[in-house]
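Participant: from the sequence below, what's the structure:
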Amino acid sequence: MTNTPITVPPNRFRLSRFDRAVAAVVGTLLIAITLTIVIGDRVGVQIERHEPATDSAASTATVSFTFDEPMDWDSVIDRLRFEPALEGDFQSVSRTLRFIPAQPLLPGGDYAVTLEAGAMGRSGRQVLEDTGFTFQIHQPRIAYLTPADAVPQNIWIEEPGQPDSAEQVTFSPTSVVNFDISPDGTQLAFSEQSEVGTSNIKLLDLNTGDLRQITACADSTCTGPVWRPDGAMIAYDRIDLNSDIEQLGVSPTRVWLIDLSGATPTERPLFTDNQILGYSPQWSADGRYIAVFDNSSRGIVVYDMQDGTMTLIPTRSGSDIALSPDGTRVVFPRLIIDQAAGSARSILQIADLDTGAVTDLIDPERPIDDAQTAWNPNGRLLAVARRYIEPDERTTRTRQLYLLNTESGEEQELIFDPRYYHSFFSWDAFGQQLVIQRFPERTETGEINPDGRPEVWTYNLETDTLEMIAQNAYLPRWVP
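Facilitator: Here you go, the predicted model:
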């Protein structure tokens, strides 16, 4: 047999450019798989970020770790160390574990946090190295709006006892309407008025200065932001102007929510039923309950965010609602009208949401007129703006500050200065100090004060001392 050579066409087995690219990718993948099998995972679970992220934090700060994959949370908790030791609760959301201290952290105190190696991801990977950081708790500060007698009004922040520390933090050319401070003291939510009568809510990062708008109120007024205690949501009052709809008119006030838990803020009405109105929202300390006054049902609605149930407390008064820190009680004024004298006053009532009982906190026969209240964080004490009326010898035109124990009924006079009208006050995180808006209604000689402007003061419950923070300023808030 004759061996005949076979002639191969020159291009029969030549790889195209695409074939070579595919082969290269496949080869790279095979090498990567081989290396992983041979040497295993040398990287481990990574910590993407931790909070506090700076070396200075608020008394209300929480500690959190965010990982690059879902974790076995028990293995993380078992390896967390605090120095000094702290008690508190853990919450986990997605890839983040948060520790919430049971008590506010002490100003001036130094804290160290360590996550020891070995925390396990659900993939089987581990945190390979110890991770630690330290932070110090700074002194609480006070934010307020100023000037009260001119526009635009903007927000300033100042440390008590340090007048040179006052710093302007917003620079609105049209005025800030109102604002609230985030629970951890790092962010400021404020309503800014526009030149055409609308208003939007903006968010300012107090550490970085980053500013962004978080509502879409092109034809609405969106005001009164109130942070939920976990910092993940804001409630606010919204009025739709309906300027593009003839003969419809302005809509009633409704409460809306801004969800900040995602990458982009989202907003929605608090109630899906548009027949439920409401304004002036207040959160319970655990964020489960929110209380609003509902005009349509003429009462206070306490809404359970967990199961969607609602409790209605009938009342004609839509102002000065105070939801207790645990969300189980509501204090509000009951209007008393004296037809013969042609006058009106109010006393305080308390509603127990567990039993449904509504009782008077104060004997209605006493000659007093109580209005705004603020719960102390301990859930027992109330600061009360009170005005005595005739025939009591303490009769004043202005409201003074008193302390009321809701369990024992014991009362204590805090501030009594008839020259001043006291309003808009709140407790610090420790329940030891009040920040107060005071208006000098009278002069030293008792005459009407024509030059009176609101002032911001603090009152220390332990030392029984007052300290002025700012003049011509109003709507103060604590910055923890």
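Participant: okay, the nearest residue to residue 216 once chain neighbours are set aside: pLDDT?
Facilitator: On the basis of Cβ to Cβ, 6 or more residues apart in numbering, the spatially nearest residue to residue 216 that is not a chain neighbour turns out to be residue 267, at 7.2 Å. For every residue, glycine as well, the C-beta is placed using N, CA and C. The per-residue pLDDT reported for residue 267 equals 97.
Participant: isn't residue 267 up against residue 257?
Facilitator: Yes - at 6.5 Å, residue 267 and residue 257 qualify as touching, with contact defined as Cβ atoms under 8 Å.
Participant: what packs against whichever helix or strand residue 255 is part of?
Facilitator: The secondary structure element spanning residue 255 is strand 254-259 (assigned by DSSP states H and E). Counting contacts by 3 or more Cβ pairs under 8 Å, 6 or more residues apart in numbering; DSSP states H and E, strand 254-259 packs against strand 233-240, strand 266-269, strand 279-283.
Participant: next helix or strand past the last one?
Facilitator: Looking back up the chat, that one is strand 279-283. In the C-terminal direction, the helix or strand that comes right after strand 279-283 (DSSP H and E) is strand 289-294.
Participant: so what secondary structure elements neighbour whichever helix or strand comes after that next one?
Facilitator: With elements assigned by DSSP H and E, the helix or strand that comes after strand 289-294 is strand 299-304. Secondary structure elements in contact with strand 299-304, counted by 3+ Cβ pairs under 8 Å, 6+ apart, are strand 289-294, strand 310-314, strand 329-338.
Participant: got the contact list for residue 274?
Facilitator: Taking Cβ atoms under 8 Å, 6 or more residues apart in numbering, we find residue 274 in contact with residue 254.
Participant: right, and residue 44 touches residue 125 too?
Facilitator: Yes - distance between residue 44 and residue 125: 5.6 Å, which falls inside the contact criterion (Cβ under 8 Å).
Participant: show me the contact partners of the one helix or strand residue 112 maps to.
Facilitator: Residue 112 is part of strand 110-115, with elements assigned from DSSP H and E. Counting contacts by Cβ under 8 Å, 6+ apart, the residues outside strand 110-115 that touch it are 47, 50, 63, 65, 76, 79-84, 86, 105, 127, 130-137.
Participant: partners of the helix or strand that that strand is followed by, with directions?
Facilitator: Moving toward the C-terminus from strand 110-115, the first helix or strand encountered (DSSP H and E) is strand 131-137. Using DSSP bridges, the neighbouring strands of strand 131-137 in the sheet come out as strand 56-57 (parallel), strand 110-115 (antiparallel).
Participant: and the most centrally placed residue in the chain, what does it touch?
Facilitator: Among the residues of the chain, residue 227 comes closest to the average C-alpha position under Cα atoms, centre = their mean, at 2.6 Å. Each residue near residue 227 by Cβ under 8 Å, 6+ apart is listed here: 180, 181, 182, 183, 189, 233, 234, 283.
Participant: tabulate these in JSON lines, adding columns for distance to residue 298, pLDDT and neighbour count.
Facilitator: Shown next, in JSON lines, are those (distance: Cβ to Cβ, whole Å; pLDDT from 0 to 100; neighbours: other Cβ atoms under 10 Å):
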{"residue": "180", "distance to residue 298": "27", "pLDDT": "98", "neighbour count": "20"}
{"residue": "181", "distance to residue 298": "32", "pLDDT": "98", "neighbour count": "25"}
{"residue": "182", "distance to residue 298": "33", "pLDDT": "97", "neighbour count": "23"}
{"residue": "183", "distance to residue 298": "32", "pLDDT": "94", "neighbour count": "23"}
{"residue": "189", "distance to residue 298": "29", "pLDDT": "98", "neighbour count": "23"}
{"residue": "233", "distance to residue 298": "27", "pLDDT": "98", "neighbour count": "19"}
{"residue": "234", "distance to residue 298": "26", "pLDDT": "98", "neighbour count": "27"}
{"residue": "283", "distance to residue 298": "22", "pLDDT": "96", "neighbour count": "23"}
